[in-house]
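Visitor: here is a sequence with its predicted model. Questions after.
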Amino acid sequence: MKVAVICEFSGTVREAFSKLGHEAISFDLLPSEIEGNHVQGDVQDLPLEYWKQFDLAICHPPCTHLAVSGARWFKDKQKEQQEALDFVRWLMDLPIEKIAIENPISVISSRIRKPDQIIQPWQFGHGETKATCLWLKNLNKLEPTDIVEGREARIHKMPPGENRWKERSRTYKGIAEAMAFQWGGVKCVSCGCTPTRFREEDEGFYCPNCFADLVGISVSEVWGCIH
């Protein structure tokens, strides 16, 4: 499957899909923090025809002018907010069969439509709180993969700084893996199961259902694509 990860510089979601054998490409104004398939630039400069090659798009539009946490400044940045909403609409209208839009609690809910789902990091192996909304097109809601203790608001408590926005925008690894497994349509070619997350060991990533049989087998040999 060919996957576009739009507005991602970290490579977290891109690599979660790549590890399962998908052709994933990330797009952002910034360079990728890690090596991988990445296009740097404004995605709106690319013709709509370009996007038809993708089966799935996962989009992380900037939330600076959208998140309700910044509501006190909305009156002073109406133009910027409208431009941000126009970008979200552009993403939703891309000629791609399956689309997910990710954002915190924001005005997208009141100005465009309510999200299909709201998830938390603690549902995917991270003991923190950060409500994340998902607007979905032809995709199932994500199922929690690893509910853990801990409800620390780490992101909210981060001190002001030059890179605070970058840290706040990162996708949690557990959520990225859930997207890859549940939306990537993968199955284990050894036992036939459809796992919901990686089992990680020193040698690589393995099916949690038949781990003992897969030690030493490369990722490309372990995973097959359902589609």
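Guide: Yes, it's here. Numbering: from 1, shown residues only.
Visitor: count of residues packed around residue 103?
Guide: 22 (other C-beta atoms under 10 Å). In this view, the C-beta of every residue, glycine as well, is placed from N, C-alpha and C.
Visitor: no, scratch that, I was asking about residue 151
Guide: The burial count for residue 151: 11, using other C-beta under 10 Å.
Visitor: per-residue pLDDT of it, please?
Guide: Per-residue pLDDT puts residue 151 at 71.
Visitor: so what does it look like in phi/psi?
Guide: phi -140, psi 40 (degrees, to the nearest 10).
Visitor: gap between the nearest residue to residue 122 once chain neighbours are set aside and residue 45?
Guide: Spatial nearest neighbour of residue 122, chain neighbours left out: residue 148 (5.6 Å); criterion: C-beta to C-beta, 6 or more residues apart in numbering. Note on residue 148: its distance to residue 45, by C-beta to C-beta, to the nearest Å, is 41 Å.
Visitor: in terms of neighbours, single out the busier of those two.
Guide: The neighbour comparison of residue 148 against residue 45 (other C-beta under 10 Å) goes to residue 148, with 15 against 7.
Visitor: can you map out the helices along this structure?
Guide: Using DSSP state H, the helices of the chain run over 12-18, 48-51, 78-92, 108-111, 154-157, 164-169, 173-183, 211-214, 219-222.
Visitor: if we can go back for a sec, thought residue 120 was touching the residue nearest to residue 122, still the case?
Guide: No. Here residue 148 does not reach residue 120: they are 10.5 Å apart, not a contact under C-beta atoms under 8 Å.
Visitor: show me what contacts residue 40?
Guide: If a contact means C-beta atoms under 8 Å, 6 or more residues apart in numbering, then residue 40 has 27, 28, 29, 30, 31, 32 as its contacts.
Visitor: looking at those, which one is closest to residue 19?
Guide: Distance to residue 19 across these (C-beta to C-beta) is lowest for residue 32, with 15.6 Å.
Visitor: what does the domain assignment say about this structure?
Guide: Segmentation of the chain into domains, based on automatic domain parsing, reads 2-184, 187-227.
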